[in-house]
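Chemist: This is the structure alone, sequence omitted:
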């Protein structure tokens, strides 16, 4: 109760205190201003600027109306049916707060699943499985600490704050191009992305499509060992993102400045061809049950779109964040390799387009030929005229010469 009173007093103070300067764009909603002030770590705002944004948000005419509407929905329909309206009013789609709420809602399901997994396989077994795949643990730790010390001036803060980011900064990642977006009936969105080819560092896993800590830890330990010095050059690189799992394999993009051969024979350097992926993003942690739920959602979206076929039924799971990242801000994706559906209409359209292109080329060539012929005829006419003029001049000169000779004879 005291906290509620204190919060209302703070709102009252902020509402009556006019900001001296505006640091936000007029088109931003009050929710976006609060987002920027309280949750955005990349805006580079000073405490004063954040305070100003909070004041502007509270003084927004829609601030009280949206809160009233959300509370009224709870009062009228109960928390079970009314809370979606409250969430939409206070944290609309696209805000950091909304993503955090969705991430926490996901954790409500996945944390019990992870706990059940750990009950079946004790923490000791998980730790043992992971540590056994660090062949020179002391050396690896030393290399990591040395790398952190070398980069302390320009990267320590960034790397530390990556624990608060869904999209980690200063981390090598994959190049891709957005091809299309898929909108589901229930508002779920997926993306179709074209990925460039890239080099990978990969290992084989013990279990098929197994997203337990033991299985993932085993693979990640080997990949980390390679990056942090367990290679032919004993060279330390930078971890890349995402780490990807499909079937029995796990891999990461090979660091651009690290081309040494792995010292561990189970670690392989392999190329990954260019491919088109359908991707569904989700927050939280990857458990077997959660991956299956998201997998089913993505398949439904692809079926509803009727535009893309799944080429490989083995699901791909991409995880972008370091282990210490806030669980509800972790960025994950499930995906399938897909190809565009070719229908009769598409083929007809393609054929018509090709025919039109052929016709256009024929017309252009025909015009070029006609133009060339006209130019040749004009040149021939000009040459003929010049020849006629020269012949006429020659005849006149001959006649004049003849007249001169006759005149001389008469004389």
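Modeler: Cool, got the structure. All figures in this text were calculated on a predicted structure; none of them were measured in a lab.

Chemist: ok, and for stretch 71-80, which residues are buried?
Modeler: residue 73 (16 or more other CB atoms under 10 Å). In short, each C-beta sits where N, CA and C put it, glycine included.

Chemist: Identify all contacting residues around that stretch.
Modeler: If you take CB atoms under 8 Å, 6 or more residues apart in numbering as the criterion, stretch 71-80 is touched by 82, 83, 85, 86, 89.

Chemist: if I look at the last one, how far off is residue 83?
Modeler: In this structure, residue 89 and residue 83 are separated by 11 Å, where distance is defined by CB to CB, to the nearest Å.

Chemist: And the helices in the stretch 1-150 of the chain, which stretches?
Modeler: 2-16, 30-38, 47-59, 61-90, 96-120, 123-131, 137-150 (DSSP state H, counting those that start in this stretch).

Chemist: Out of those helices, which gets the lowest mean score?
Modeler: Mean pLDDT across these is lowest at helix 2-16; the value there is a mean of 44.

Chemist: May I ask which helix or strand encompasses residue 292?
Modeler: helix 288-305 (DSSP states H and E).

Chemist: Would you mark the buried spots in that helix?
Modeler: Quick answer for helix 288-305 (16+ other CB under 10 Å): 288-291, 293-295, 297-302, 305.

Chemist: so which strand or helix has residue 202?
Modeler: strand 198-204.

Chemist: With residue 245 instead?
Modeler: strand 243-246.

Chemist: in the stretch 151-300 of the chain, which spans are strands?
Modeler: All strands of the stretch 151-300 of the chain, identified by DSSP state E, counting those that start in this stretch, fall at 176-183, 189-195, 198-204, 243-246, 249-253, 267-272, 275-282.

Chemist: Dump those to a markdown table, plus mean pLDDT.
Modeler: As requested, the strands of the stretch 151-300 of the chain are exported to a markdown table (pLDDT from 0 to 100):
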| stretch | mean pLDDT |
| --- | --- |
| strand 176-183 | 96 |
| strand 189-195 | 97 |
| strand 198-204 | 97 |
| strand 243-246 | 96 |
| strand 249-253 | 97 |
| strand 267-272 | 97 |
| strand 275-282 | 98 |
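
Chemist: and residue 44, which of those strands is closest to it?
Modeler: Residue 44 lies closest to strand 275-282 among those, at 25.9 Å (CB to CB).

Chemist: List of residues touching the closest one?
Modeler: 106, 176, 179, 182, 188, 190-195, 290, 294, 297-298, 301-302, 308, 310, 316, 318, 331-340.

Chemist: now do 7 Å
Modeler: Under the contact criterion CB atoms under 7 Å, 6 or more residues apart in numbering, strand 275-282 has outside partners 106, 179, 190-195, 294, 297-298, 302, 308, 316, 331-339.

Chemist: can you pull the contacts of the closest residue to residue 285 other than its chain neighbours?
Modeler: For residue 285, ignoring the flanking residues on the chain, the nearest one in space by CB to CB, 6 or more residues apart in numbering is residue 110 at 5.1 Å. By CB under 7 Å, 6+ apart, residue 110 lies in contact with 284, 285, 287, 290.

Chemist: about what we covered before: and the strands of the stretch 151-300 of the chain: which comes nearest residue 221?
Modeler: strand 198-204 (9.3 Å).

Chemist: now for the closest one, which elements pack on it?
Modeler: helix 213-227, strand 249-253, strand 267-272 (3 or more CB pairs under 7 Å, 6 or more residues apart in numbering; DSSP states H and E).

Chemist: Which of those sits closest to residue 49?
Modeler: Once those are compared by CB to CB, strand 249-253 is nearest, at 36.6 Å.

Chemist: and that closest one, what does it pack onto?
Modeler: Using 3+ CB pairs under 7 Å, 6+ apart, strand 249-253 is in contact with strand 198-204, strand 243-246.

Chemist: angle of that strand against strand 198-204?
Modeler: 150 degrees (axes from the mean of the first three to the mean of the last three CA atoms, to 10 degrees).

Chemist: Strand 249-253: partners in the sheet, and parallel or antiparallel?
Modeler: strand 198-204 (antiparallel), strand 243-246 (antiparallel) (DSSP bridges).

Chemist: and the angle for it with helix 213-227?
Modeler: 40 degrees.
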